[in-house]
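Asker: predicted model and sequence follow; I will ask about them next.
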Number of protein chains: 2
Amino acid sequence: MAKIKAARNTTKNAVICKSAAVLFRKKGFRAASMRELAIALGVEAPSLYNHIGSKSELLRNICFNIANAFTNNIDTVEAASNTAAKKIEQLIRFHIQFMLKSFDEVYVSNHEWKHLEEPYFTEFLNQRKSYESKMVQIIKNGITNKEFRKIHPHVTVLTILSAVRGLEFWQKYKEQINVRALENNIVQHLLKGITK
Amino acid sequence: MAKIKAARNTTKNAVICKSAAVLFRKKGFRAASMRELAIALGVEAPSLYNHIGSKSELLRNICFNIANAFTNNIDTVEAASNTAAKKIEQLIRFHIQFMLKSFDEVYVSNHEWKHLEEPYFTEFLNQRKSYESKMVQIIKNGITNKEFRKIHPHVTVLTILSAVRGLEFWQKYKEQINVRALENNIVQHLLKGITK
DNA sequence: GAGCAAAACTAACGCTTATTAGTTAAACAT
DNA sequence: ATGTTTAACTAATAAGCGTTAGTTTTGCTC
């Protein structure tokens, strides 16, 4: 009769959430079973229900924790008085750092949100749309300021947001790589391009 | 007793594959059921097995059709005598055009490959790794030529490949958008950046 | 119209799934 | 030590899955 181990200041719910994020990332939400999750925690599947409500609640927690973190960040970045380029740079760096710190959760939030149930599915989509809109506004300001060329703001935002997802593929090299150099490379690429 | 309708010069297998791509994109491979696929085709689930081998075979066909198309393209691009920048541009444009033309299939190939069974899983990964290597080599040549700044080739490749995936989000605006302008915007962004 | 192949159907199998109910063991407070 | 709460367990349920077997219908060829 093993028990779920939670460090001080951590609920067992949080321990399960973390383990679920790892599993959902590896197998995908639908392919991951509660039995597998239980094995990862050294326990029988029904025991999990003493600490969580349901499988879909786990996904919901993971997705909205991440979404809220990004929303909070962009509100902070937006409020500060910086150039548009600096703001975009700050957003890019946050994406990279957060991805490296909370890889499993960010990955799951990016890939498995489509399995959220209503009304959470719609809410999640709205939150993302709102994030994009704020970023589009920053780009528009940058064009007005003549910081940026006359680019298509929405296309540019989606290109940047997709580009930073490339970090997913770097997780395995995490240790070998100078994170700051990686970050600088991507920021420079997305702001200044790669040609001389 | 409805029948699966295949146009001349199209096998019923191909019709099922196409329908599967749409379904797998919408729901994800694991969440999509053969019964749903059958409904989409106006037929009972077991009838599908007169034309296909298995569900996983459908995924396999979709993924490798796409992977092979990209592999063939990069081999053509590589062989031509062009600047590195031109080659990268050609690759980016191919990604965009192909994504717009075969949206469902490319999406499924990008998102659902992890549900391939061995040995196809490993084969798919190797094919992708090989694609990346070829692209890395083009970037390296560009740096040697002094076409590009001293960037990290592998990071750059993954950034570009992720960036072009942003097209996924544009599918719904497909009709409203000038594809050529979209393409130019992304190419310019990834080669020359967005700052003045 | 008869014969035949293609392709549909119904019924069912064996398995896995998330989850609930009911019960027992452990951990803690008194 | 006793009573109580927390959290584990076992057993079971209902639903859904991919797929197979066996049968019937359809549509073409002679």
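Answerer: Sure thing, it's come through.

Asker: so which helix or strand takes in A:Glu78?
Answerer: When elements are defined using DSSP states H and E, A:Glu78 is found to belong to helix A:55-79.

Asker: send me the helix or strand just after that helix as PDB with only the CA atoms.
Answerer: The element immediately downstream of helix A:55-79 (helix or strand, assigned by DSSP H and E) is helix A:84-101. Output in PDB follows, covering the C-alpha atoms of helix A:84-101 (Å, rounded to 0.1, in the frame of the first residue of the first chain):
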ATOM      1  CA  ALA A  84       7.700  47.800 -29.200                       C
ATOM      2  CA  ALA A  85      10.800  45.800 -30.200                       C
ATOM      3  CA  LYS A  86      11.800  45.600 -26.500                       C
ATOM      4  CA  LYS A  87       8.300  44.300 -25.600                       C
ATOM      5  CA  ILE A  88       8.300  41.700 -28.300                       C
ATOM      6  CA  GLU A  89      11.800  40.700 -27.100                       C
ATOM      7  CA  GLN A  90      10.500  40.300 -23.500                       C
ATOM      8  CA  LEU A  91       7.600  38.200 -24.700                       C
ATOM      9  CA  ILE A  92       9.900  35.900 -26.700                       C
ATOM     10  CA  ARG A  93      12.300  35.500 -23.800                       C
ATOM     11  CA  PHE A  94       9.400  34.700 -21.500                       C
ATOM     12  CA  HIS A  95       8.200  32.000 -23.800                       C
ATOM     13  CA  ILE A  96      11.600  30.400 -24.000                       C
ATOM     14  CA  GLN A  97      12.300  30.500 -20.300                       C
ATOM     15  CA  PHE A  98       8.900  29.300 -19.400                       C
ATOM     16  CA  MET A  99       9.100  26.500 -21.900                       C
ATOM     17  CA  LEU A 100      12.400  25.400 -20.500                       C
ATOM     18  CA  LYS A 101      11.200  25.600 -16.900                       C
END
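
Asker: right, is helix A:84-101 up against chain B?
Answerer: Yes - with CB under 8 Å from any CB of the partner chain as the criterion, chain B is reached by helix A:84-101 at A:Ala85. Every C-beta, even on glycine, is put in place using the N, C-alpha and C of the backbone.

Asker: what's in contact with that helix?
Answerer: The set of residues external to helix A:84-101 that reach it, using CB atoms under 8 Å, 6 or more residues apart in numbering or on different chains, is A:69-70, A:73-74, A:77-78, A:80, A:82, A:106, A:135, A:138-139, A:141-142, A:145, A:147-148, A:160-161, A:164-165, A:167-168, A:171, A:174, A:179, A:182-183, A:186-187, A:190-191, B:195.

Asker: of these, just the buried ones, PyMOL syntax please.
Answerer: Buried residues within the contacts of helix A:84-101, as defined by 16 or more other CB atoms under 10 Å in any protein chain shown, are selected in PyMOL through the command that follows:
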select buried, (chain A and resi 70+73+74+77+106+135+138+139+142+147+148+160+161+164+165+167+168+182+183+186+187+190+191) or (chain B and resi 195)
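
Asker: take the contacts of helix A:84-101 and keep only those in helices.
Answerer: Taking DSSP state H, the ones among the contacts of helix A:84-101 that sit in helices are A:69-70, A:73-74, A:77-78, A:106, A:135, A:138-139, A:141-142, A:160-161, A:164, A:179, A:182-183, A:186-187, A:190-191.
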